[in-house]
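Asks: Need a 3D model of the following:
(one chain, ligands or ions: 1)
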Amino acid sequence: MDLSVFVAGLPLKNPVLTASGTFGYGREAAELYDLSVLGGVMVKGVSREPWPGNAPVRVARAPGGMLNAIGLQNPGLEHFLMVDLPFLRQYDTAVVVNVVGHDEEGFVEVVRGVTGQAGVAAIELNISCPNVKDGLLFSQDPASARRLVEAARRETDLPLIVKVSPNVTDPVQLGHACREGGADALSAINTLLGMAIDPVRRSPVLGNRTGGLSGPAVKPVGLRIVYDLAAQVGLPVVGMGGIETGRDALEYILAGARAVAVGTAVFRDPFAPPRIVGELAAELGRHGFESAAQAWAAANPQAREAVS
Ligand SMILES: Cc1cc2nc3c(=O)[nH]c(=O)nc-3n(C[C@H](O)[C@H](O)[C@H](O)COP(=O)(O)O)c2cc1C
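Replies: Numbers count the residues shown, from 1 in each chain. I've put the predicted structure just below:
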């Protein structure tokens, strides 16, 4: 089975990536299996300076998934460049750097800092984190999303993927703004804003009060948004949200995603990403496809010429 795909000119050996924030910088997984089996790794959000993240409690159970309010804790750009990137570039997998900032300048400096570094295959701008104060700033107003993407675009020739928020009325409008700003691709979905209440303490469970819902519960929302973005914005989409099996991955591809990312599933099964690569190959065969690209094209008839 030919699993290779392209996302905005970026060649991937297979369409299965790991979703940002659920895989760290790959170190723990690398003790379990060879990361080179993955199509790519979307690393934990990288900010200009180290971020401490939110006060505990930072995760909670939810039906069909989990809530998190980690708050983008990360050791910052310099640490990423000195320690994490050299580790990841030992592997034959596409490293996608997830970038986050408090403001435009914060985003732009990280984009500038990772551009030109050996081993960085693409950039994912996270404009959709619901767990930090300014996390949704750029998603709530398409004009400011567009300005941010333009500013990032000026700094890099790398494929620029923008992670759009599901916590807005019209993700397609946001997707259009990102495209106009110069995005090469979109990724979706980030977590959905939610809350858990502790009846004993009579207050929210999470220290941040609210958190992001992820896992199987959000898959129908992810499929709907990926379908709309793929059909209406005209950019390649990396689909995610509740993917636990190869069947889930195929559903996202048939909704229009060129590639997919596995997030919360790794907390239950650390081997989920390589398992899903194998399961996806079997699912494609079972449904009569000869390649992953063919499945995507089957769902996107207008694009058939482009992939054949
Ligand atoms: C604990 C946790 C941390 C996350 N951190 C990030 C992050 O740093 N940057 C980002 O863009 N998304 C982050 N996400 C969102 C995931 O990348 C993904 O978009 C979302 O969880 C939906 O996929 P899933 O249901 O497979 O987890 C995080 C999700 C979780 C559960």
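Asks: mind listing the strands in the stretch 101-250 of the chain by residue range?
Replies: Along the stretch 101-250 of the chain, the stretches classed as strands by DSSP state E, counting those that start in this stretch are 122-126, 160-163, 185-188, 192-195, 197-198, 203-204, 210-214, 237-240.
Asks: Can you tell me which of these is packed in deepest?
Replies: Of all the strands of the stretch 101-250 of the chain, strand 237-240 carries the top mean neighbour count, a mean of 30, counting by mean count of other CB atoms under 10 Å. In this view, the C-beta of every residue, glycine as well, is placed from N, C-alpha and C.
Asks: before we move on, the earlier item: can you check which of the strands of the stretch 101-250 of the chain gets nearest to residue 6?
Replies: strand 185-188 (10.1 Å; CB to CB).
Asks: Just checking: what are the partner strands of that closest one?
Replies: Using DSSP bridges, the strands paired with strand 185-188 in its sheet are strand 160-163 (parallel), strand 237-240 (parallel).
Asks: Let's have the ones you listed in JSON lines, adding distance to the ligand and mean pLDDT.
Replies: JSON lines is the format used below for those (distance: least, CB to the nearest ligand atom, whole Å; pLDDT from 0 to 100):
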{"stretch": "strand 160-163", "distance to the ligand": "5", "mean pLDDT": "98"}
{"stretch": "strand 237-240", "distance to the ligand": "4", "mean pLDDT": "98"}
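Asks: Which of the ones you listed sits closest to residue 207?
Replies: Nearest of those (CB to CB): strand 160-163, 23.9 Å.
Asks: Check the offset of the closest one from the chain's centre.
Replies: With CA atoms, centre = their mean, to the nearest Å as the basis, strand 160-163 stands 9 Å off its chain's centre.
Asks: who's in contact with that strand?
Replies: Counting by CB atoms under 8 Å, 6 or more residues apart in numbering, strand 160-163 makes contact with 7-8, 20, 96, 98, 122-128, 145, 149, 152-153, 178, 181-188, 190, 238, all of which sit outside it.
Asks: With just CA atoms, put it into PDB.
Replies: Only the C-alpha atoms of strand 160-163 are listed here, as PDB (Å, rounded to 0.1, in the frame of the first residue of the first chain):
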ATOM      1  CA  LEU A 160       3.100  27.200   6.900                       C
ATOM      2  CA  ILE A 161       0.300  25.400   8.500                       C
ATOM      3  CA  VAL A 162      -2.200  27.300  10.600                       C
ATOM      4  CA  LYS A 163      -4.100  25.500  13.400                       C
END
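Asks: Is residue 61 part of a helix or strand, or is it coil?
Replies: For residue 61, the assignment made with DSSP: H, G, I helix; E, B strand; the rest coil gives strand.
Asks: That one and residue 206 touch, don't they?
Replies: No. Residue 61 lies out of contact with residue 206 (CB atoms under 8 Å); the separation is 11.4 Å.
Asks: Common neighbours of the two, please.
Replies: By CB under 8 Å, 6+ apart, the residues touching both residue 61 and residue 206 are 67, 196.
Asks: Between those two, point out the one with more neighbours.
Replies: Neighbours were counted for residue 61 and for residue 206 using other CB atoms under 10 Å; residue 206 has more, 25 against 11.
Asks: ok, now which ones touch that one?
Replies: For residue 206, the contacting residues are 57-60, 67, 69, 195-196, by CB under 8 Å, 6+ apart.
Asks: please redo it, this time with the cut-off set to 6 Å
Replies: Residue 206 sits next to 57, 60, 69 when contact means CB atoms under 6 Å, 6 or more residues apart in numbering.
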